[in-house]
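>>> Just to be clear, the model below is a prediction. Sequence and coordinates:
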Amino acid sequence: MNKNFAKVQLSAEEMRLVRDATWILTKNSVMGKVIAMFGELSGEIRVGGAHRVAPIRRAPSSGGTEPKISKGENYKGLPWVMLDYPRLFGKEDILAVRIFFLWGHAFSITLHLKGTYRERLLPGIRRRWVELAAAGFEYSISDDEWAHEHTAETYGHMGERARESSAGGIEGEDARAADTRSYSSERGMEGMPPERPWLKLSARVGLEHWDEAPERLSTLHQLLMDVSCYPDGGISP
């Protein structure tokens, strides 16, 4: 046999799948349902966040403050869908909240800050570090600014006490009022290079929580908007 043709031979599993149209039709159905879910979610978060987003329309790099849904088939070989709102992407300045579905992994919601936005919002984020951690947020430790999947190489925990609060050691207003000085220091943000111009905070919602995902993502989005778009550390008019 010509050696060049040997490279295109199928494994037994590949042969089984290429002869079965059902799985690809099912995949298309699932992707359609994710897009529909994100469509409903975009309406909800837009209504809930319109008055909060308004002040940042005049901020650096402002522009795309309407929700946008995108999809693709090849993020590291896997299908994906994302919903961005707000979505201010400039060359040097970024403020975006991205809800992401990655096939075989999870849903995630990420606050992406860069340049001016990072500098302006970081003090408020430091003050609410424990609260964000208690909600399940982690911070990016990857050198890849556009890595979306949650792995040990991409995201790190936000401190030991933060994990305790997430487990129930600090609850409700106590979590917000907790002494966060040790987490607003270099120790508290350990692993984030101080010279890095961008910051990402991201929370994961596992696919096993499919039915509750829209409500969970909406709640997490509201928290990020509270942190990002209010004068107590966020973007102000």
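Received the coordinates, thanks.

>>> how many neighbours does residue 20 have?
Using other Cβ atoms under 10 Å, residue 20 is surrounded by 10 other residues. C-betas here are computed from N, CA, C, even on glycine.

>>> Need the three-state assignment for it.
Following DSSP: H, G, I helix; E, B strand; the rest coil, residue 20 is assigned to coil.

>>> Next: residue 31.
Secondary structure of residue 31, reduced to three states by three-state DSSP: helix.

>>> Verify the stated contact: it with residue 69.
No: in this structure, residue 31 is not within contact of residue 69 by Cβ atoms under 8 Å, at 11.7 Å.

>>> Any idea which helix or strand in the protein has the lowest mean pLDDT?
Taking mean pLDDT, DSSP states H and E as the measure, the chain has helix 172-177 as its least confident helix or strand, at a mean of 42.

>>> all strands of the chain, in order?
68-75, 78-89, 94-102, 106-114, 138-140, 155-156, 198-206 (DSSP state E).

>>> hang on, the earlier thing: what touches both of residue 31 and residue 69?
Residues within reach of residue 31 and of residue 69 at once, by Cβ atoms under 8 Å, 6 or more residues apart in numbering, are residue 81.

>>> Low-confidence ranges, this structure, go.
Within the chain, the stretches with pLDDT under 70 are 1-6, 48-65, 159-195, 229-237.

>>> need the helices for it, in chain order.
In the chain, the helices defined using DSSP state H lie at 3-6, 12-18, 22-53, 116-127, 129-134, 160-166, 172-177, 213-228.

>>> ranking these by burial, who's on top?
helix 129-134 (a mean of 26; mean count of other Cβ atoms under 10 Å).

>>> pull the CA atoms of that one into PDB?
Presented in PDB, the C-alpha positions along helix 129-134 are these (Å, rounded to 0.1, in the frame of the first residue of the first chain):
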ATOM      1  CA  TRP A 129     -11.700  39.600  46.700                       C
ATOM      2  CA  VAL A 130     -13.200  37.300  49.300                       C
ATOM      3  CA  GLU A 131     -16.700  37.800  48.000                       C
ATOM      4  CA  LEU A 132     -15.700  37.000  44.400                       C
ATOM      5  CA  ALA A 133     -13.900  33.900  45.600                       C
ATOM      6  CA  ALA A 134     -16.900  32.800  47.600                       C
END
